[in-house]
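Asker: pasting a predicted model and its sequence here:
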Amino acid sequence: MDLIAKDYLQSISHIVTMAPEASDMRMFSSVTGQHIDHTDLGPEYWVKNLTSPVLFSDAVRGMSRKLAKSRRHGRKADPAIDFFLEVGPHAALKGPLRQVLESEALSNIGYSAMLVRGQNAVDSAVLAAGALASRGVRLDFNAVNNANGPPRVLVGLPSYPWNKSHSYWAVSRQTNDFLKRRHPHHSLLGCRVIGTHDLEPTWRHFLSVAENPWIRDHVVHGAILYPGAGILVMPIEAAQQLAEDGRKIKNVRLRSVRIQKALIVADEQTALEVFTRLKRHGDTGDASWSGCWEFSIFSCQDGQPAEENGSGLVNLEYEAQAQDHLMSGSQIVHQARKSRFDQLQKSHISTMTAENFYRATSAVGLAYGTSFQGVTELTRGGGSCCCVVKVPDTRSVMPGNVESGHLIHPTTLDSMIHCLFAALNDGPDFRDAAVPVAFDSVVVSATLPSGPNAQFQGFATVTRTASREIEANVYMSCSAWKEPRVQIEGMRCRELPVGRTSYSPSELQVAPIGTLTWKPDIDLLDEDALRSFIASHYSARRFSISPQPVSTTAKGALTQLHQAIAQVRLSL
């Protein structure tokens, strides 16, 4: 090359160097083996490039050392060079470059070539651009992809064989129960408590007049009580949510039900927190479980400890898989009850209008509003009663006219129980009122007439078992009376105290043993308090209080006091 060096210099003497567009661009020359500036690239440099040996290894070593010194915050273990891109007709320098890097103990440095012999140039160039992009180099992808026009969506791509054998989404059991809950909030039952398992599920509900306005129509002696029928409806709705998939429910049966304490809704501003808990009954851990659940109803109010309001057993009866052509025992019982209903209808001669019936119940302290006035027709006699009950339109009073689906509403079931009052009292005015405290059996058919104004026909029989206790049976069906649709047997009721139509909530805590009523102890009253009590409570009885002033002597005052006490006790 020395023979033509002078002619070569003369032919390129007009070359003028320019500064690069990127100010941070640096060049290491294989001619000098060192870093050079753009001012060093004059004609003499290119003549030397023609006549001098290639110092490739020196240039690579100089590049790594120079850059390592310029990295003030870099760690010694980090390579000074991130990536090598070879621009040429083939990856000719890949081998020598690897040897130099191994001698300098440099690793984890990427390499790619724009062109590779025997490989499609488009593929090699795009692969090189992708390697640079994966290293964080900013590229002009429009130029890389030759995208001159607007982008187009690719369609008809082959499906990708996704690997779904491993899941990387961690979800707790409580979160999974919430996301995959099968039943929404129910206006009569509430929502199932997140985290309770299927062996002992629990539902939480808030009873309030604001969310269930029909509750205000059930007033007993001046206090708003949630009807005892509502305590029966809660396990009925809960059991249906636990029904077996693919099987049709025929009946829902309750047994050995006890109502320990009434659910008292204090006012229209507060809500009563109620829990419905189910537990497998007689479950021995094997496949012999009968499908019966124990249920308990608890309530909490004003931060007080939980109180049990009701308990019993509930189970679902499914349709038989095969039909028996012979008459079953249940059908015989149903026909006997149908005959009993026909017999009572013919024997009853006393009728009572619905208006007079609910006026009489109100007089003894049972003030039923519109939602609970379901009895429309009534005949009675001999400790029995036949009646027609109409399903009230409770949806119309609900907020937004939205109501959860249900098998039977507490207003309807409670109206069916009302007919026992007509069987208990013979005259136009009722003397006795009672509330249910226990049920031997309650069977509700899954094929009940539904919707506002749907009607039931049935009868009730009442037997007085003790001085203040009665036992009743109620059977209701549709107008065709093919079979009873609601059967209440062994319903034991406790008679309420008479004489007042207003009682405090503490006096309405119904229990199977008795009813607690607070009255003053006259032995502890002073003279003025005793005179005031007698005048306000017993002035119309079979005695009178002398209007003369009380004797000023102690003996006279004591004598008059004992006389008054004796008269009061005689009146009681």
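Answerer: Received the coordinates, thanks.
Asker: work out for me the element Arg178 sits within.
Answerer: That one is not Arg; residue 178 is Phe. Assigned by DSSP states H and E, Phe178 falls within helix 173-179.
Asker: what is the next helix-or-strand element following that helix packed up against?
Answerer: Later in the chain than helix 173-179, the nearest helix or strand by DSSP H and E is strand 191-192. When contacts are defined as 3 or more C-beta pairs under 8 Å, 6 or more residues apart in numbering; DSSP states H and E, strand 191-192 sits against strand 202-207. From N, CA and C alone the C-beta is placed, and that goes for glycine too.
Asker: pLDDT of whichever helix or strand comes after the strand it packs on, averaged?
Answerer: Remark: after strand 202-207, the chain's next helix or strand is strand 218-220, criterion DSSP H and E. For strand 218-220, the mean per-residue pLDDT is 89.
Asker: kindly report the same for stretch 135-146.
Answerer: Per-residue scores along stretch 135-146 average to 88.
Asker: swap in stretch 354-367?
Answerer: On average, stretch 354-367 scores 88.
Asker: what sits opposite the residue nearest the centre of the chain in the beta ladder?
Answerer: When C-alpha atoms, centre = their mean is applied to the chain, the residue found nearest the centroid is Cys191 (3.6 Å). Judged by DSSP bridges, the bridge partners of Cys191 are Arg204.
Asker: what about it, distance to Phe206?
Answerer: 10 Å (C-beta to C-beta, to the nearest Å).
Asker: go on, Ser441?
Answerer: 30 Å.
Asker: which parts of the stretch 351-500 of the chain are helices?
Answerer: 354-363, 410-424 (DSSP state H, counting those that start in this stretch).
Asker: rewinding a little: which residues are contacting the helix holding Phe178?
Answerer: Contacts to helix 173-179, defined as C-beta atoms under 8 Å, 6 or more residues apart in numbering, come from residues 171, 194-195.
Asker: how about that helix: buried residues?
Answerer: Asp177 (16 or more other C-beta atoms under 10 Å).
Asker: quick check: mean pLDDT of that helix?
Answerer: On average, helix 173-179 scores 85.
Asker: distance between it and the chain's centre?
Answerer: Here helix 173-179 shows a centroid-to-chain-centroid distance of 11 Å under the convention C-alpha atoms, centre = their mean, to the nearest Å.
Asker: repeat for stretch 8-15
Answerer: Counting by C-alpha atoms, centre = their mean, stretch 8-15 comes out at 88 Å from the chain centroid.
Asker: next, the distance between the ends of it.
Answerer: This stretch, stretch 8-15, spans 12 Å end to end (C-alpha to C-alpha, to the nearest Å).
Asker: what residues of it count as buried?
Answerer: Those would be Tyr8, for stretch 8-15 by 16+ other C-beta under 10 Å.
Asker: the residue nearest to Gln373 when sequence neighbours are not counted and Ser415, how far apart?
Answerer: Spatial nearest neighbour of Gln373, chain neighbours left out: Tyr358 (5.4 Å); criterion: C-beta to C-beta, 6 or more residues apart in numbering. Noted for Tyr358: a distance of 10 Å to Ser415, by C-beta to C-beta.
Asker: please apply the same query to Gly381.
Answerer: In terms of C-beta to C-beta, Gly381 sits 21 Å off from Ser415.
Asker: more neighbours, those two?
Answerer: Ser415 (26 against 16; other C-beta atoms under 10 Å).
Asker: ok, Gly310 to Leu420 distance?
Answerer: Counting by C-beta to C-beta, the gap from Gly310 to Leu420 is 19 Å.
Asker: check the secondary structure at Glu102 for me.
Answerer: Following DSSP: H, G, I helix; E, B strand; the rest coil, Glu102 is assigned to helix.
Asker: what about it, how many neighbours?
Answerer: Glu102: 10 neighbours (other C-beta under 10 Å).
Asker: quick one: contacts for the residue nearest to Cys300 when sequence neighbours are not counted?
Answerer: Excluding its sequence neighbours, the residue lying closest to Cys300 (C-beta to C-beta, 6+ apart) is Glu273, at 4.5 Å. Counting by C-beta under 8 Å, 6+ apart, Glu273 makes contact with 204-206, 299-301.
Asker: make a markdown table from these and add neighbour count, pLDDT and distance to Thr376 to it.
Answerer: Putting those into a markdown table (neighbours: other C-beta atoms under 10 Å; pLDDT from 0 to 100; distance: C-beta to C-beta, whole Å) gives the following:
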| residue | neighbour count | pLDDT | distance to Thr376 |
| --- | --- | --- | --- |
| Arg204 | 19 | 95 | 36 |
| His205 | 23 | 94 | 30 |
| Phe206 | 14 | 92 | 32 |
| Ser299 | 21 | 92 | 33 |
| Cys300 | 14 | 89 | 38 |
| Gln301 | 17 | 79 | 35 |
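Asker: with distance to Asn148 added, can I get those in CSV?
Answerer: Output for the contacts of Glu273, formatted as CSV (distance: C-beta to C-beta, whole Å):
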residue, distance to Asn148
Arg204, 65
His205, 67
Phe206, 66
Ser299, 75
Cys300, 73
Gln301, 76
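Asker: closest to Pro452 among these?
Answerer: His205 (23.6 Å; C-beta to C-beta).
Asker: from Tyr226, how far off is the closest one?
Answerer: 11 Å.
Asker: same check on Gln301?
Answerer: Counting by C-beta to C-beta - Gln301 and Tyr226 are separated by 12 Å.
Asker: one more: His185?
Answerer: 18 Å.
Asker: please identify which of the two sits among more neighbours.
Answerer: Remark: of His185 and Tyr226, Tyr226 carries more neighbours, 20 against 13, as counted by other C-beta under 10 Å.
Asker: any idea what the more buried one is bridged to?
Answerer: Bridge pairing for Tyr226 - DSSP bridges - gives Leu263.
Asker: contacting residues around stretch 123-134?
Answerer: Under C-beta under 8 Å, 6+ apart, the answer for stretch 123-134 is 83, 85, 110, 112-116, 139, 141, 144-145.
Asker: cutoff 7 Å now
Answerer: 83, 85, 110, 112-116, 139, 144 (C-beta atoms under 7 Å, 6 or more residues apart in numbering).
Asker: with stretch 223-231 instead?
Answerer: 207, 215-216, 218, 259, 262-265, 297, 309-310, 410, 413-414, 417, 435-436, 503, 505, 508.
Asker: apply 8 Å and report the result again.
Answerer: 188, 207, 209, 215-216, 218-219, 257, 259, 262-267, 272, 297, 309-310, 372, 410-411, 413-414, 417, 435-436, 503-505, 508.
Asker: gap between the two ends of it?
Answerer: 17 Å.
Asker: chain center to the helix or strand containing Ile4: distance?
Answerer: Assigning secondary structure by DSSP H and E places Ile4 in helix 2-11. Chain-centre distance of helix 2-11: 92 Å, with C-alpha atoms, centre = their mean.
Asker: what helices and strands are in contact with the very next helix or strand once past it?
Answerer: Using DSSP H and E, the helix or strand that directly follows helix 2-11 along the chain is strand 27-28. Applying 3+ C-beta pairs under 8 Å, 6+ apart, one finds that strand 27-28 contacts strand 35-36, helix 56-70.
Asker: state the mean pLDDT of whichever helix or strand comes after the first one.
Answerer: Beyond strand 35-36 in the direction of the C-terminus, DSSP H and E gives the next helix or strand as helix 43-51. Per-residue confidence for helix 43-51 averages out to 95 on the pLDDT scale.
Asker: measure Leu278 to Ile417 for me?
Answerer: Counting by C-beta to C-beta - Leu278 and Ile417 are separated by 24 Å.
Asker: Asp342 now?
Answerer: From Asp342 to Ile417 the distance is 22 Å (C-beta to C-beta).
Asker: show me which of the two is the more surrounded one.
Answerer: Neighbour tally, Asp342 and Ile417, criterion other C-beta under 10 Å: the higher count belongs to Ile417, 22 against 13.
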